[in-house]
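In: got a sequence here, can you model it:
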Amino acid sequence: MGQKMKITGWVAAGAFAGVLTTVSLQTVARGSLAPLPLEELQQLAAVFGMVKSDYVEPVDEKKLISDAISGMVAGLDPHSQYFDKKSFKEFREGTTGRFVGVGIEISQEDGLIKVVSPIEGSPAFRAGLKPNDLITKIDDTAVRGLSLNEAVKRMRGEANTKVLLTIFRKDENRTFPVTITREEIRTQSVRGKVMEPGYAWIRLSQFQERTVDDFVKKVEEIYKQDPNLKGLVLDLRNDPGGLLDAAVAISAAFLPENVTVVSTDGQLAESKSIYKAAPEFYQRRAGSDPLRNLPAGLKTVPLVVLVNEGSASASEIVAGALQDHKRATIMGSQTFGKGSVQTVRPLGPDTGLKITTARYYTPSGTSIQAKGIVPNVLVDESAEGSPFAALRMREADLEKHLASGQGPESKDPEREKARDEARKRLEEEAKKPPQDRKVPEFGAADDFALAQALKSLKGQPVLVSKTQIIVDNKEEKKDN
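Out: As a prediction, the model looks like this:
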């Protein structure tokens, strides 16, 4: 996501109380006077009136206005969004890393919900749920046929309410019910461990409000376990991004003080910014540097950053900064390419607008938008390659995506050919038994890309991809 969270006061939102017959010809637009398109607004109001009076059944005025705003914003780009009361609450939960639920990380398997891991200390953890447990029912609703999002919504709810989960535990071949009381959950966006003497792995799954503090704790744990670290892998695969200040802080943890981490450029003066590796650019409380207790060795320890097509926004900022400053070797696949800034502005007590206000640029002035970060070393996700990588959506594939601002985009015929081949292979793969289709877990012993990263840190030969295609890799630069 890469949202730059701002609270800049209430933003005026026009409401249609009926058909508009008169409209002010001027409105304040972020400090400057801009004329309103009177004729078009009158037409919009006329449509509102016709729908209200002529539609086959009565319609809710508030919903009509909400839908009109949503449509207007959705037409801009894939990341601008109007938040109604419910979606605004869900958005804020996502950035804080807090929500009310049972506390499990889940995925889908054979139409059921699979427990990937219970969050330590959560109600699900205390109830004894285990990795690989399958949820077959949520209360009285069968899970088969539900989307992952629908299942999540059913398991979430108000604090201190109960939810009944029916669990199938494969290794014990039994089904049993578990009643769990929902409570506020604090998700863990940071994992890590010493892989072997001298070498450690830290994974960031998202950039949330607590990510920096959790990262510092994990680094301290690792250095306490192994003070003579020879190499570190920072794993940003499938990290969709999050908060900008968290990305700046994680970059600053590895970079020299005051070097540029990322810059932004847009119409507003406040959108033209340079973010540096210094506390004033990432600290949430004045005078408090969350990185102050990090081991000094983190600034110089050999570093490999793992990325893939699912690495987006804030994770691309970190990878781009560490790559441009030659602080790390970037390994994996070309990243997603979400290089735009979304600013969140409240519209009232419980609604808001997320709107794209700028583009991100790496320290060298290269736009991330619709391009992404190209690794120094292309590495596949398995020894057999990355057969389905071409099917994964990137920013450049999204309808109405914002252009990079650094030259025209072009369709790569080789990538289209690779997609066709991947689709055929996926059809064959789908015929295999489920146990033969499992993808290794990040950080596991059979994590191929991680194994290559560790080899790189040790100076050993790395199995480099021979098939990956770089999309729209232009070297045009922005003038700073």
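In: burial of the residue lying closest to Asn160 once chain neighbours are set aside, as a residue count?
Out: Leaving aside its chain neighbours, Asn160 sits nearest to Thr181 (6.3 Å; criterion: C-beta to C-beta, 6 or more residues apart in numbering). For every residue, glycine as well, the C-beta is placed using N, CA and C. Around Thr181 sit 13 other residues, with neighbours defined as other C-beta atoms under 10 Å.
In: and the one 10 residues further on, by the same measure?
Out: The criterion is other C-beta under 10 Å. On that basis, Arg191 has 16 neighbouring residues.
In: equivalent analysis for Pro256, please.
Out: So Pro256, with other C-beta under 10 Å, has 10 neighbours.
In: can you tell me the closest non-neighbouring residue to the spatially most central residue of the chain?
Out: Nearest to the geometric centre of the chain sits Pro240, at 2.1 Å (C-alpha atoms, centre = their mean). Distance criterion C-beta to C-beta, 6+ apart; nearest residue to Pro240, sequence neighbours excluded, is Ala312 at 5.0 Å.
In: that neighbour contacts Gln334, correct?
Out: No - Ala312 is beyond contact range of Gln334, at 11.6 Å (criterion: C-beta atoms under 8 Å).
In: who's more crowded, those two?
Out: Ala312 (26 against 23).
In: mind checking the SS state of the more buried one?
Out: coil (DSSP: H, G, I helix; E, B strand; the rest coil).
In: what's the spacing between it and Glu257?
Out: 27 Å (C-beta to C-beta, to the nearest Å).
In: also Glu61?
Out: 55 Å.
In: go on, Val374?
Out: 27 Å.
In: more neighbours: which of the two?
Out: Counted by other C-beta under 10 Å, Val374 and Glu257 do not tie: Val374 has more neighbours, with 20 against 10.
In: just to check, the more buried one is in contact with Gly332?
Out: No - between Val374 and Gly332 there is no contact under C-beta under 8 Å: 10.2 Å.
In: before we move on, back to that, and the residue nearest to the centre of the chain, what does it touch?
Out: Met1, Gln206, Gly310, Ala312, Ser313, Ser315, Phe336 (C-beta atoms under 8 Å, 6 or more residues apart in numbering).
In: can you tell me the element it falls in?
Out: Remark: Pro240 resides in no helix or strand, with elements defined by DSSP states H and E.
In: ditto for Ile113
Out: Counting by DSSP H and E, Ile113 is part of strand 112-118.
In: output the contacting helices and strands for that strand.
Out: strand 104-109, helix 123-126, strand 134-138 (3 or more C-beta pairs under 8 Å, 6 or more residues apart in numbering; DSSP states H and E).
In: how far does the longest one sit from its chain's centre?
Out: Right, the one you point to is strand 104-109. Put simply, strand 104-109 sits 17 Å off its chain's centre (C-alpha atoms, centre = their mean, to the nearest Å).
In: so after the longest strand belonging to the chain, what's the next helix or strand?
Out: Longest strand in the chain, counting residues (DSSP state E): strand 352-361. Next along the chain after strand 352-361, taking DSSP H and E as the criterion, comes strand 377-378.
In: direction included, what does that following strand pair up with?
Out: Applying DSSP bridges, strand 377-378 is found paired with strand 329-332 (parallel).
In: what's the first helix or strand after the partner strand?
Out: strand 340-346.
In: who are the packing partners of that next one?
Out: strand 3-5, strand 352-361.
In: let me have the ones you listed in TSV, extended by mean neighbour count.
Out: Output for the helices and strands packed on strand 340-346, formatted as TSV (neighbours: other C-beta atoms under 10 Å):
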stretch	mean neighbour count
strand 3-5	18
strand 352-361	22
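In: quick one: closest of the helices and strands packed on strand 112-118 to Lys400.
Out: strand 104-109 (28.5 Å; C-beta to C-beta).
In: where are the low-confidence patches of the stretch 301-450 of the chain?
Out: 386-394, 407-440 (pLDDT under 70).
In: let's see that with 50 instead.
Out: 437 (pLDDT under 50).
In: tell me the buried residues in stretch 175-189?
Out: Val178, Ile180, Arg182, Ile185, Arg186, Thr187, Gln188, Ser189 (16 or more other C-beta atoms under 10 Å).
In: ignore the last one, stretch 283-292
Out: Gln283, Pro290, Leu291.
In: and for stretch 395-403?
Out: Neighbour-count burial for stretch 395-403 flags Glu395, Ala396, Leu398, His401, Leu402 (criterion: 16+ other C-beta under 10 Å).
In: on that earlier part again, I'd like to know how far the residue nearest to Asn160 sits from Ile106.
Out: Distance of Thr181 to Ile106, computed by C-beta to C-beta: 18 Å.
In: what of Val464?
Out: As judged by C-beta to C-beta, Val464 and Ile106 stand 34 Å apart.
In: same deal with Gln369?
Out: Gln369 is 32 Å from Ile106, by C-beta to C-beta.
In: cool, and Glu399?
Out: 29 Å.
In: check Leu463 too.
Out: 32 Å.
In: which of those two has more neighbours?
Out: For the pair Leu463 and Ile106, the greater number of neighbours falls to Ile106 (20 against 13), based on other C-beta under 10 Å.
In: partner residues bridging the more buried one?
Out: The residues that Ile106 bridges to, once DSSP bridges is applied, are Val115.
In: contacts only, for it.
Out: Ile113, Lys114, Val115, Val116, Ile135, Leu148, Ala151, Val152.
In: looking at these, which one is closest to Leu36?
Out: Nearest to Leu36 among these, with distances taken as C-beta to C-beta, is Val152, at 40.8 Å.
In: all helices for this protein, in order.
Out: Using DSSP state H, the helices found in the chain span residues 38-54, 61-74, 85-96, 123-126, 148-155, 211-225, 244-254, 314-324, 413-430, 448-458.
In: list the buried residues in stretch 77-92.
Out: Across stretch 77-92, burial judged by 16+ other C-beta under 10 Å covers Asp77, Pro78, His79, Ser80, Gln81, Tyr82, Phe83, Asp84, Phe88, Phe91, Arg92.
In: is it possible to get a markdown table of those that adds pLDDT and distance to Leu353?
Out: Output for the buried residues of stretch 77-92, formatted as a markdown table (pLDDT from 0 to 100; distance: C-beta to C-beta, whole Å):
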| residue | pLDDT | distance to Leu353 |
| --- | --- | --- |
| Asp77 | 90 | 13 |
| Pro78 | 85 | 15 |
| His79 | 86 | 12 |
| Ser80 | 90 | 8 |
| Gln81 | 89 | 8 |
| Tyr82 | 91 | 6 |
| Phe83 | 88 | 7 |
| Asp84 | 87 | 11 |
| Phe88 | 86 | 10 |
| Phe91 | 80 | 11 |
| Arg92 | 78 | 14 |
